[in-house]
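Take this sequence and fold it.
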Amino acid sequence: MDIRIDNLSGPEIEQLLTEHLADMFAASPPECVFALDLNGLKKPNITFWTVWEDSQLLGCGALKVLDETHGEIKSMRTTSAARNKGVASTLLRHIIDAAKQKGLNKISLETGSQDFFAPARKLYTKHNFIECGPFSDYKLDPYSVFMTRSL
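Residues are numbered from 1 along each chain as shown. Below you'll find the model as predicted:
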């Protein structure tokens, strides 16, 4: 697996993020979808990675720096062909290491509370994330689960 910083210009990543957003809007009310589109992921405080095997896109994920000590995981997604092959865990470890290298001491995320998001919550729990209250600009809502871990 090759993990690389991505400029979000390729058709493969556009397709994967389009699928990601479609799933988010299918699973949650629109006001409870916090996934970013291509333009939202191109902000200077966000680093976006893709995971490849040869020329096949396997997944993506991003780190948004909230302040000098706190980061947020955004847009974690694996392709359907890459599910249950360790891609998400490998990428998550990469993002955690990048957050440490940036000097962050905490990393958090928002995911859904519905059954659709159970595999994501299981992944994050496996990597020592624990549930927490809303952070940054988030508000408590029944469709969100907030998780965090110290670095």
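
Keeping just the C-alphas, turn the top helix by length along the chain into CSV.
Taking DSSP state H as the criterion, the chain has its longest helix at helix 11-27. This file holds the C-alpha atoms of helix 11-27, laid out as CSV (Å, rounded to 0.1, in the frame of the first residue of the first chain):
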residue,chain,number,x,y,z
PRO,A,11,-11.1,11.4,-11.2
GLU,A,12,-10.8,8.4,-8.9
ILE,A,13,-10.8,10.5,-5.7
GLU,A,14,-13.6,12.7,-7.1
GLN,A,15,-15.7,9.5,-7.6
LEU,A,16,-14.9,8.1,-4.1
LEU,A,17,-15.7,11.4,-2.4
THR,A,18,-19.0,11.6,-4.4
GLU,A,19,-19.9,8.1,-3.2
HIS,A,20,-18.9,9.1,0.3
LEU,A,21,-21.1,12.2,0.4
ALA,A,22,-24.0,10.3,-1.2
ASP,A,23,-23.8,7.7,1.6
MET,A,24,-23.6,10.4,4.3
PHE,A,25,-26.7,12.1,3.0
ALA,A,26,-28.5,8.8,2.6
ALA,A,27,-27.7,7.8,6.2
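
now what about the following helix or strand past that helix, what contacts it?
Counting by DSSP states H and E, the next helix or strand C-terminal to helix 11-27 is helix 38-41. Helix 38-41 has contacts (CB atoms under 8 Å, 6 or more residues apart in numbering) with 8, 14, 17, 48, 62, 74-75. C-betas here are computed from N, CA, C, even on glycine.

give me that answer again for 7 Å
For helix 38-41, the external contacting residues (CB atoms under 7 Å, 6 or more residues apart in numbering) are 8, 14, 17, 48, 62, 75.

Among these, which one lies nearest to D37?
The nearest member of these to D37, counting by CB to CB, is L17 at 7.0 Å.

Cool, thanks, signing off.
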